[in-house]
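> Fold the following, please.
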Amino acid sequence: MVRYEIDKAHTHVGFTAKHLAVSTVRGQFNTFEGYFEGPEDDVTKTSGEVTIDVASIDTRTEMRDNHLRSADFFEAEKYPKITFKLNRVEPVDSESFKVHGDLTIKDTTKPIVLNATLEGRVPDPMGGGKERLGISAKGQLNRMDFGLNWDGVAGAIPMASHTVKLEIEAEIVVKAAELAQA
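Modelled structure (predicted):
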């Protein structure tokens with residue numbers, strides 16, 4: 001069994017949504033943690049979990065970030081975490097995978113599939129672990145499915161698109177402590 005942990009300093013958890021159906025707004029979550037584990041020789045048996053701090057949302061506009069944290073969207077005080085529980089990895093080819101998991105936002109959990117690519121795999125040059133992997137993943141969701149229902153003025157074009165695209169660039173590492181326990 002090998003356990004990989006997210007290297008927070010080299011990982012980006014981002015998203016995009018359309019504003020008034022004309023421009024793309026980019027955002028990210030700045031505070032998160034997670035791990036993946038499974039047998040080294042069978043990626044299909046990988047499991048894991050990523051937890052995101054909702055209050056760490058950052059779209060480079062404080063007023064918009066505060067609105068996203070409010071009851072109109074995430075209700076960050078009541079629901080402080082977003083979680084993704086990895087259920088299954090389905091290989092497409094040697095470097096591409098479909099990552100199946102359950103995404104929980106607020107009190108709603110729904111299955112989601114991310115298209116992931118192995119960007120690289122190297123021995124850990126930082127000295128703290130066995131190896132590092134680069135993973136990119138993309139997917140999308142309908143925010144309305146998770147109770148993020150605010151649309152602005154009734155009857156108008158939604159202020160934010162219902163479709164939100166997810167963009168993750170992650171570096172994951174086997175920690176030295178994990179190696180010592182193995």
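
> Okay, buried residues for the longest helix that the chain contains please.
Determined from DSSP state H, the single longest helix within the chain is helix 62-69. Buried residues in helix 62-69, defined by neighbour count with 16 or more other CB atoms under 10 Å: 64-65, 67-69. All C-beta atoms are positioned from the backbone trio N, CA, C, and that covers glycine.

> Give me the next element, helix or strand, following it.
Note on helix 62-69: by DSSP states H and E, the next helix or strand toward the C-terminus is strand 81-91.

> average pLDDT across that following strand?
Averaging pLDDT along strand 81-91 yields 97.

> and if you look at stretch 148-158?
Taken as a whole, stretch 148-158 carries a mean pLDDT of 70.

> go on, stretch 67-77?
Here the average pLDDT along stretch 67-77 is 94.

> Quick one: residues in contact with it.
With contact meaning CB atoms under 8 Å, 6 or more residues apart in numbering, stretch 67-77 is reached by 27, 54-55, 57, 59, 78, 105-106, 148, 150.

> what about 10 Å?
Outside of stretch 67-77, the residues within contact range by CB atoms under 10 Å, 6 or more residues apart in numbering are 27, 53-59, 61, 65-66, 78, 80, 82, 105-107, 143, 146-152, 159-160.

> For that stretch, what is the distance to the chain centroid?
Going by CA atoms, centre = their mean, to the nearest Å, the spacing between the C-alpha centre of stretch 67-77 and its chain's C-alpha centre is 18 Å.

> distance between the ends of it?
12 Å (CA to CA, to the nearest Å).

> And that stretch, what's buried?
67-69, 73-76.

> what's the following helix or strand after the biggest strand by length in the chain?
Criterion DSSP state E: the longest strand present in the chain is strand 108-123. Downstream of strand 108-123, the next assigned helix or strand under DSSP H and E is strand 129-142.

> which other helices and strands contact that following strand?
strand 2-6, strand 12-19, strand 96-105, strand 108-123, strand 163-175, helix 176-181 (3 or more CB pairs under 10 Å, 6 or more residues apart in numbering; DSSP states H and E).

> in it, what counts as buried?
In strand 129-142, the ones that count as buried by 16+ other CB under 10 Å are 129, 132-135, 137, 139-141.

> before we move on, the earlier item: select, out of the helices and strands packed on strand 129-142, the one closest to residue 36.
Nearest to residue 36, of all these, is strand 2-6, at 4.8 Å by CB to CB.
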